[in-house]
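Chemist: okay, predicted coordinates and the sequence, questions at the end:
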4 protein chains.
Amino acid sequence: MAIARQLDVQLIAHSQFTPPSGTGWEPQDGVSDAESLVEFAGRACYESFDRPNPRTAENDAYLRHLMEVGHHGPLEHAHATMYVRGISRAAANELMRHRHFSFSQLSQRFVPTESAEVVVPQAIAEDEELKRLLLNAADEARFVYDELLDALEQRLADEPNALLRRKQARQAARAILPNATESRVVVSGNLRTWRHFIAVRATEHADLEIRTLAVRCLRVLSDVAPTLFADFQIQQLADGSEMAISSLVSEM
Amino acid sequence: MAIARQLDVQLIAHSQFTPPSGTGWEPQDGVSDAESLVEFAGRACYESFDRPNPRTAENDAYLRHLMEVGHHGPLEHAHATMYVRGISRAAANELMRHRHFSFSQLSQRFVPTESAEVVVPQAIAEDEELKRLLLNAADEARFVYDELLDALEQRLADEPNALLRRKQARQAARAILPNATESRVVVSGNLRTWRHFIAVRATEHADLEIRTLAVRCLRVLSDVAPTLFADFQIQQLADGSEMAISSLVSEM
Amino acid sequence: MAIARQLDVQLIAHSQFTPPSGTGWEPQDGVSDAESLVEFAGRACYESFDRPNPRTAENDAYLRHLMEVGHHGPLEHAHATMYVRGISRAAANELMRHRHFSFSQLSQRFVPTESAEVVVPQAIAEDEELKRLLLNAADEARFVYDELLDALEQRLADEPNALLRRKQARQAARAILPNATESRVVVSGNLRTWRHFIAVRATEHADLEIRTLAVRCLRVLSDVAPTLFADFQIQQLADGSEMAISSLVSEM
Amino acid sequence: MAIARQLDVQLIAHSQFTPPSGTGWEPQDGVSDAESLVEFAGRACYESFDRPNPRTAENDAYLRHLMEVGHHGPLEHAHATMYVRGISRAAANELMRHRHFSFSQLSQRFVPTESAEVVVPQAIAEDEELKRLLLNAADEARFVYDELLDALEQRLADEPNALLRRKQARQAARAILPNATESRVVVSGNLRTWRHFIAVRATEHADLEIRTLAVRCLRVLSDVAPTLFADFQIQQLADGSEMAISSLVSEM
């Protein structure tokens, strides 16, 4: 029977900051590395290392100011990497349209898929009958995949290279695998790119699955850089799902 | 019954060039706009508008020289757009990993798919029995899609906005559509990006479907800019499929 | 005596569009190639080739709708190339910070500069005395450049390759050339990138020289794609210079 | 008297890695965070978390294999940030042509430059007389800059906003500042981008100043990710300067 996978998002890497010598500037106590790094890069543009403006002397006030005046460049120096599992191929493909991220995705050409692992859309998961219909259909697709794979491996028996043979058979057989098939992907980007992703994909109008991913990433990043994501407000919609919006609309 | 679609690639836009006044340089007769533009941009770096070097006075010699010394920047000024139909979702997603292209893809969330239109992998298409197996499975997936769509529209009957209701139903129901589902996509890029795409995807090691696309694009681009793609040699492999390689490996 | 250069911007390439066969869609009469291409790409996402919505059946209404809903992707398929002369090195460097453009710039390492050709900032040009001060200083810098060049060529006399010798001498001697030195650059980008450049650089807050360039490009692009730039309004500031703003602020 | 600045490069940020739960894979002892992260991302594509191939079971062998087969994607997940001082505006501008980096550069529009701080090209620094010639010319340019600044501030006296007045005066006056003027810049990029920068700029044919920067960055990055930069060999040229090349030419 097909296995229904749940979304899982883990932060696996982010920027560690060591201030340079020779500027007289020191990071403020209790501020995360990401946010100290962004402050440093912002101050480097005007060498305001002595915090001359009392209104932006504190890290959080300084970062808010950068965002309010639309000076997003310094956010590009801080970086974060997520490992995302339990995402459908369809949603993974939407994610991978964001060209400023870097991706390493589980390959359908190389990895043996031993059982049908699928991501069930929430609207279907809420109805037992529809869920069973989808999982049965995924099992059926899986069955056809296995049949195609066997038959193709026999047809390709002339190919002496076993690895190549299996690869060619898989790349043809996967044609029948559904959009719901689970994918897994390592995603890296700087904080400006992460903000843009959330701004675009956490809105009410986004597809539910990628919206859920965007809100999850927002929560994770709020630990990495609390001030830089504090403008996003998470809200619950009528259907129980979540969205996030920010008043700093210039991000769009 | 599911319909099997064939790959179709059409050039729909490319750069039209008008040389500026005030340089004394004129394009050579019989040279394409794309290749005159690349020559102009190359000469603009050194203002060699009077063609001082007899060995690179002709357009084709000049362009070959740019590529041999790895000076690819000028190729970025010439641009080409293809309309690609009869490509599977799976191959379209591989194509859309190329971040320097721009894409407009047929949406699965908005467009009613009235019959299962699929792209059958060549290894399957060559065997009547396997082809029937795949097409039947695609029909089955299509049947489940329709059932899910109807049931979801009923479940969402409280949503007064009919457009939104259909959109939400489709985005959930498409979970069962297979990788083989036909996609259509408008693809734009400059000639440096197109060269890179062909260099990476037309090799023997690439997936057959995207390799076939890359070789097809190479043929189309050879009309737009004959010299800039002349280094790629198309060869036939043992299985009858085609590949292309270039001796100017620095492209990789 | 140093020569003061004026800004010169010429459109040298843009997208020529041929609609594909097999869609039933034809471009509207009198619409530019760029704008027909953008409409086609937008319609390809939903296969709305029969113009089903009467309110967006006309090209200009359709394009305005794309921009109003923030669907800027289709603008990436249309492309335009400018040849810019009479721009200072300083402004050229600001221009080249726009990473989505492609550039071919006149090299300071390779081209003999026979007389000091400079771009005089407007605030200086308006005062004869200041202008003379700047041009004299540019002449002085040019004189030192020539002295350095001669001395370095003698110091490097052991280098048998004359071309390499001159190149090394020039790359050291140019250290004294001022920011005002004239540069020339070929710039290419898609219409989304051009819109972004104008949105950011034509505002009141931008440096005057690059603002003047942005407004000039806006005028040129308004011929290529009138509707796609119609939201930008050009206004005159108190100092007589121009700026442009758009109510479609999401562009920022 | 003008001050001659020396190149200074400090690593100020890089990726800290925490492996995810649920894969069974653990980083190898003694391997840097950057290199463990790249290995993890590579293995995530094929879920080879149990290190099935004994020849690539060790981190260094695995990373070498990625580079040898041209699978550079995983290198994009690891990130490094440098703070570069003592670089000329001319070389900083060449650096900023690398579009995949992110930059925060000391502004010439906002920061008061109190004394002429310049970077003297090595060929000039080696000759006392030429060095004096350059420093005197820099002093002269600085003197004219100060005169222009004073005169412009008087001309702009009608502008009530003192900040804006100084900004406008500076952006015009800086026209006379030479290429040799010192710049300072924060530079961030992933390890694939850093490898590309070094591959292109550490070669014998690159301008000496940016070549020196590239070799310096290579040394810094060799601490962050020893295996990922081990293919670059540093060599001394006849003039005493350094270059670096790699046998893995596909990087180009």
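Modeler: Received it, and whenever you're ready, just let me know what you need.
Chemist: tell me the spacing between A:M82 and D:L213.
Modeler: The gap separating A:M82 from D:L213 is 32 Å, by Cβ to Cβ, to the nearest Å. For glycine as for every other residue, the C-beta is placed from the backbone atoms N, C-alpha and C.
Chemist: buried residues in the helix or strand bottoming out on mean pLDDT in chain A?
Modeler: Least confident helix or strand, chain A: helix A:162-173 with a mean of 88, by mean pLDDT, DSSP states H and E. Buried residues in helix A:162-173, counted by 16 or more other Cβ atoms under 10 Å in any protein chain shown: A:R165, A:R166, A:K167, A:Q168, A:A169, A:R170, A:Q171, A:A172, A:A173.
Chemist: what pairs with the very next helix or strand once past it, parallel or antiparallel?
Modeler: Downstream of helix A:162-173, the next assigned helix or strand under DSSP states H and E is strand A:182-190. Under the criterion DSSP bridges, strand A:182-190 sits next to strand A:79-88 (antiparallel), strand A:102-105 (antiparallel) in its sheet.
Chemist: the next helix or strand after the longest one near chain C anywhere?
Modeler: Proceeding N to C from strand A:79-88, the next assigned helix or strand is helix A:89-95, under DSSP H and E. No: contact of helix A:89-95 with chain C (Cβ under 8 Å from any Cβ of the partner chain) is absent, the minimum separation being 13.0 Å.
Chemist: check stretch A:212-232 too.
Modeler: No: shown here: stretch A:212-232 not in contact with chain C (Cβ under 8 Å from any Cβ), separated by at least 15.6 Å.
Chemist: alpha carbons of that stretch, in PDB - could you do that?
Modeler: Provided in PDB are the C-alpha atoms of stretch A:212-232 (Å, rounded to 0.1, in the frame of the first residue of the first chain):
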ATOM      1  CA  THR A 212       2.500  25.400   3.900                       C
ATOM      2  CA  LEU A 213       6.200  25.000   3.000                       C
ATOM      3  CA  ALA A 214       6.700  28.800   2.900                       C
ATOM      4  CA  VAL A 215       5.100  29.300   6.300                       C
ATOM      5  CA  ARG A 216       7.200  26.400   7.800                       C
ATOM      6  CA  CYS A 217      10.400  28.000   6.400                       C
ATOM      7  CA  LEU A 218       9.300  31.300   7.900                       C
ATOM      8  CA  ARG A 219       9.100  29.800  11.300                       C
ATOM      9  CA  VAL A 220      12.500  28.200  11.000                       C
ATOM     10  CA  LEU A 221      14.100  31.400   9.700                       C
ATOM     11  CA  SER A 222      12.600  33.400  12.500                       C
ATOM     12  CA  ASP A 223      15.000  31.600  14.800                       C
ATOM     13  CA  VAL A 224      18.000  32.300  12.500                       C
ATOM     14  CA  ALA A 225      17.200  36.000  12.100                       C
ATOM     15  CA  PRO A 226      14.200  37.200  14.200                       C
ATOM     16  CA  THR A 227      14.200  40.800  13.200                       C
ATOM     17  CA  LEU A 228      14.700  40.200   9.500                       C
ATOM     18  CA  PHE A 229      11.400  38.100   9.400                       C
ATOM     19  CA  ALA A 230       9.500  39.900  12.100                       C
ATOM     20  CA  ASP A 231       7.400  41.900   9.600                       C
ATOM     21  CA  PHE A 232       5.700  38.700   8.400                       C
END
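Chemist: quick one: the strands in the stretch 1-150 of chain A?
Modeler: A:3-4, A:8-17, A:79-88, A:102-105, A:117-118 (DSSP state E, counting those that start in this stretch).
Chemist: contacts for the fourth one, please.
Modeler: Outside of strand A:102-105, the residues within contact range by Cβ atoms under 8 Å, 6 or more residues apart in numbering or on different chains are A:92, A:95-96, A:183-189, B:97, D:41-42, D:44-45, D:73-74, D:76-77, D:190.
Chemist: how's chain A carved up into domains?
Modeler: Under the assignment automatic domain parsing, the domains of chain A span A:14-76, A:120-179.
Chemist: which of the ones you listed has the lowest mean pLDDT?
Modeler: Set side by side, the domains of chain A differ in mean pLDDT, and domain A:120-179 is lowest with a mean of 92.
Chemist: let me know whether it sits next to chain B.
Modeler: Yes: using Cβ under 8 Å from any Cβ, domain A:120-179 comes into contact with chain B via A:120-124, A:126-127, A:129-130, A:133-134, A:137-138, A:140-141, A:144, A:147-148, A:151-152, A:155-156, A:168-169, A:171-179.
Chemist: so among the residues you listed, which ones count as buried?
Modeler: A:120-121, A:123-124, A:130, A:133-134, A:137-138, A:140-141, A:144, A:147-148, A:151-152, A:155-156, A:168-169, A:171-179.
Chemist: quickly list what the residue nearest to the spatial centre of chain A is bridged to.
Modeler: Centroid-nearest residue in chain A, with Cα atoms, centre = their mean: A:V187, separated by 5.5 Å. Beta-bridge pairing for A:V187 (DSSP bridges): A:M82, A:F103.
Chemist: my guess is it contacts A:A92. True?
Modeler: No: under the criterion of Cβ atoms under 8 Å, A:V187 is not in contact with A:A92, lying 9.5 Å apart.
Chemist: which neighbours do those two have in common?
Modeler: A:V84.
Chemist: circling back: kindly reformat the buried residues of helix A:162-173 as CSV containing distance to C:R5.
Modeler: As requested, the buried residues of helix A:162-173 are exported to CSV (distance: Cβ to Cβ, whole Å):
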residue, distance to C:R5
A:R165, 66
A:R166, 65
A:K167, 59
A:Q168, 61
A:A169, 65
A:R170, 62
A:Q171, 58
A:A172, 62
A:A173, 64
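Chemist: which of the residues you listed sits closest to B:Y62?
Modeler: Distance to B:Y62 across the buried residues of helix A:162-173 (Cβ to Cβ) is lowest for A:Q171, with 40.7 Å.
Chemist: mind listing what the residue nearest to the centre of chain A touches?
Modeler: A:T81, A:M82, A:Y83, A:V84, A:L95, A:F101, A:S102, A:F103 are the contacts of A:V187 under Cβ under 8 Å, 6+ apart.
Chemist: of the residues you listed, closest to C:Y62?
Modeler: Nearest to C:Y62 among the contacts of A:V187, with distances taken as Cβ to Cβ, is A:L95, at 28.6 Å.
Chemist: just give me the neighbour total for A:A125.
Modeler: 15 (other Cβ atoms under 10 Å in any protein chain shown).
Chemist: likewise for A:A199?
Modeler: 21.
Chemist: show the contacting residues for A:E182.
Modeler: Per Cβ under 8 Å, 6+ apart, neighbours of A:E182: A:R5, A:R85, A:G86, A:I87, A:S88, A:R89, A:E117, A:V118, A:V119.
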